[in-house]
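S.K.: Fold the following, please.
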Amino acid sequence: MSARLFRVIVPVTDIDRAAALYAAVLAIPGRRVSPGRHYFDCGGTILACFDPTADGDGHPLPPNPDHVYLVVQDLQTTFQRAQAAGCRTLDPTIQKRPWGEISFYAQDPFGNPICFVDEKTIFTRSTRILRVGPCTRGLRAEGPRKQERQRSSLSSAKEKKIAGALVDLAGVPANDAEYRGHGRDARATGNESNTNACAGAARPNRHGRALAHSHRCRLSSPAMPSPPPVLAYVALGANLGDRAANLRRAVESLGATPGVRVLRTSSWIENPAVGGPPDSPPFLNGVAEIETTLDPHALLNRLLEIESELGRVRREKWEPRAIDLDIILFGDQILREHHLKIPHPLMHNRRFVLEPLAELAPKLKHPVIGKTIEELLRQLPGSGQSE
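M.R.: Coordinates of the predicted model:
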């Protein structure tokens, strides 16, 4: 018995919200199988929303790095459902792809990328098929070599005859679509010359089998759409160790994160610690302005990683710490989730946030309150605050 794909995990941070969202988009209720797991049967493969913290498994998981592809019957209705449910559609409209599929790319509120494809257009076969033979030094074609570059096709009978020896390239991921010819009998077969598949000139023979003069074949693959960058602001604080060095290292780590570019940082401002033990040392605080293609959840996970790398151990609220990183603004987005709230719910009351933020973006408006940062700063009493 051959193996089959059984389950795909979709990491989430709020299982109730995830269950409601995917039920609305997929138009099926799914089934709660544990406190942190909700399963949807998608054609025999389980789409599993998984919240590790609700299941008692510790820290939340980062979002999936690659797309989950779902085939649907009514793509237009699914597009509307996804938008209404809170998914961020990365395509402004439904798109027809160069390889023939009609689809749209989206991202759920937890940062997981998804692609919905019209089932009538799914790409199931490749026009270029690679046959791999004994391991020798090159690629060669069977039969006499002719110099024409005409389009040709194999009859269905011939396809069935050689089906056992053919490798369909349609299922190869885009980032793995590079092959080195290792067989002397390796042949590229299909209903078009493989000039797109292999470097060098192709010489199709009477069966449509083409010869490539290169030992390296590369399938052209369309680039996945990437989300537009978002301007975000991260608050930094430290009151243990070399505070300034900790802040600098945090900014450096943030800037080295794929999908993040640090544009500017504010001055470092010293503030008394408020809310923690009475003998807590003062904080050094600042704000970093970044441009990012990460979603808020992925950015939060990265900030938690940086805190851990710099030695922060979470034990008690408002305890002294080597580093503290918080998302305070993420474009004009408004999120109110258990693990993530944007804008930061206390930022408008904190001088140690507003003062460095006003240094970078005084005219920036709070997306909920509607006032500029400098207006919010002027409304504060004269005493400093810290976490």
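S.K.: CA only for contacts and neighbour counts going forward, please
M.R.: OK.
S.K.: looking at it, Leu75 is touching Val117, isn't it?
M.R.: Yes - taking contacts as C-alpha atoms under 8 Å, Leu75 lies within contact range of Val117: 6.9 Å.
S.K.: Report the set of residues contacting both of the two.
M.R.: Ser103 (C-alpha atoms under 8 Å, 6 or more residues apart in numbering).
S.K.: Those two: who's more crowded?
M.R.: Per other C-alpha atoms under 10 Å, whichever of Leu75 and Val117 has more neighbours is Val117, with 25 against 18.
S.K.: Identify the spatial nearest neighbour of that one, chain neighbours not counted.
M.R.: Ser103 (4.3 Å; C-alpha to C-alpha, 6 or more residues apart in numbering).
S.K.: For that neighbour, identify the helix or strand it belongs to.
M.R.: Applying DSSP states H and E as the criterion places Ser103 in strand 102-107.
S.K.: Listing partners with orientation, what would you give for the next helix or strand after that strand?
M.R.: Sequence-wise, the next helix or strand downstream of strand 102-107 (DSSP H and E) is strand 113-118. Sheet pairing of strand 113-118 (DSSP bridges) gives strand 68-72 (parallel), strand 102-107 (antiparallel).
S.K.: out of the ones you listed, deepest packed?
M.R.: Greatest average neighbour count among the strands paired with strand 113-118 goes to strand 102-107 (a mean of 23), per mean count of other C-alpha atoms under 10 Å.
S.K.: So which residues of the stretch 1-150 of the chain form helices?
M.R.: For the stretch 1-150 of the chain, the helices defined by DSSP state H, counting those that start in this stretch cover 15-26, 75-85.
S.K.: again with the stretch 201-350 of the chain
M.R.: 243-255, 296-309.
S.K.: Out of those, flag the one nearest Thr121.
M.R.: The closest of those to Thr121 is helix 296-309. By C-alpha to C-alpha, the value is 31.7 Å.
S.K.: Check which helices and strands that closest one sits against.
M.R.: Judged by 3 or more C-alpha pairs under 8 Å, 6 or more residues apart in numbering; DSSP states H and E, helix 296-309 is in contact with helix 243-255, strand 324-330.
S.K.: any chance of those in CSV, with mean pLDDT too?
M.R.: What follows is these, written out as CSV (pLDDT from 0 to 100):
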stretch, mean pLDDT
helix 243-255, 92
strand 324-330, 93
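S.K.: In CSV: those, plus mean neighbour count and distance to Gln95.
M.R.: As requested, these are arranged in CSV below (neighbours: other C-alpha atoms under 10 Å; distance: least, C-alpha to C-alpha, whole Å):
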stretch, mean neighbour count, distance to Gln95
helix 243-255, 18, 33
strand 324-330, 22, 27
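S.K.: Tell me which of the ones you listed sits nearest to Leu346.
M.R.: Taking the helices and strands packed on helix 296-309 one by one with C-alpha to C-alpha, strand 324-330 is closest: 9.0 Å.
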